[in-house]
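Undergrad: Provide a 3D model corresponding to the input given below.
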Amino acid sequence: MIQISSEAALKLASLKKEEGKDDSAFLRVEVKKGGCSGLSYKMNFDSESRTGDKMFESHGQKIAVDPQSMLYILGMTLEYSGGLNGKGFVFNNPNANKHCGCGSSFNV
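TA: Purely as a prediction, here's the structure:
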């Protein structure tokens, strides 16, 4: 299961509105090779599911994860921290054993 904190859900709803996305749009989270730790997260809004997608809903926001990425992020919580010292979106991934300083890449 993938979770979204209430703060992240509010920010995602705001971003969808800013980008003119309708209610059918959902967050797609993928894991790609790259980044300073070997794997990186990729997020974007999508409105069409793909074969094999796992769909989750948390705090009113839907998330799609492809089967390959699911192996790396099962149990993850997407959080958001705004403000002057905020980091933006933060991936709390229990499967990651190494993170880079910016928090956008990891390794397992």
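Undergrad: what packs against the helix with the most length in the chain?
TA: Longest helix of the chain, by residue count under DSSP state H: helix 6-18. Judged by 3 or more CB pairs under 8 Å, 6 or more residues apart in numbering; DSSP states H and E, the packing partners of helix 6-18 are strand 61-65, strand 77-81. (C-beta placed from N, C-alpha, C; glycine too.)
Undergrad: please work out which of these is packed deepest.
TA: Most buried of the helices and strands packed on helix 6-18 by mean neighbour count (mean count of other CB atoms under 10 Å) is strand 61-65; its value is a mean of 21.
Undergrad: quick one on the thing from earlier: angle of the longest helix of the chain against strand 77-81?
TA: Following axes from the mean of the first three to the mean of the last three CA atoms, to 10 degrees, one obtains 80 degrees for the angle between helix 6-18 and strand 77-81.
Undergrad: contacting residues around whichever helix or strand comes after helix 6-18?
TA: Counting by DSSP states H and E, the next helix or strand C-terminal to helix 6-18 is strand 26-33. Under the contact criterion CB atoms under 8 Å, 6 or more residues apart in numbering, strand 26-33 has outside partners 2, 4, 12, 39-47, 55, 61-66, 68-69, 72-73, 78.
Undergrad: export the longest helix of the chain as PDB, just CAs?
TA: Presented in PDB, the C-alpha positions along helix 6-18 are these (Å, rounded to 0.1, in the frame of the first residue of the first chain):
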ATOM      1  CA  SER A   6      -3.000  14.900   4.600                       C
ATOM      2  CA  GLU A   7      -0.500  17.800   3.900                       C
ATOM      3  CA  ALA A   8       0.700  16.100   0.700                       C
ATOM      4  CA  ALA A   9      -2.900  15.400  -0.400                       C
ATOM      5  CA  LEU A  10      -3.800  19.100   0.000                       C
ATOM      6  CA  LYS A  11      -0.800  20.200  -2.000                       C
ATOM      7  CA  LEU A  12      -1.600  17.700  -4.800                       C
ATOM      8  CA  ALA A  13      -5.200  19.000  -5.000                       C
ATOM      9  CA  SER A  14      -3.800  22.500  -5.200                       C
ATOM     10  CA  LEU A  15      -1.300  21.600  -8.000                       C
ATOM     11  CA  LYS A  16      -4.000  19.700 -10.000                       C
ATOM     12  CA  LYS A  17      -6.200  22.800  -9.800                       C
ATOM     13  CA  GLU A  18      -3.300  25.100 -10.900                       C
END
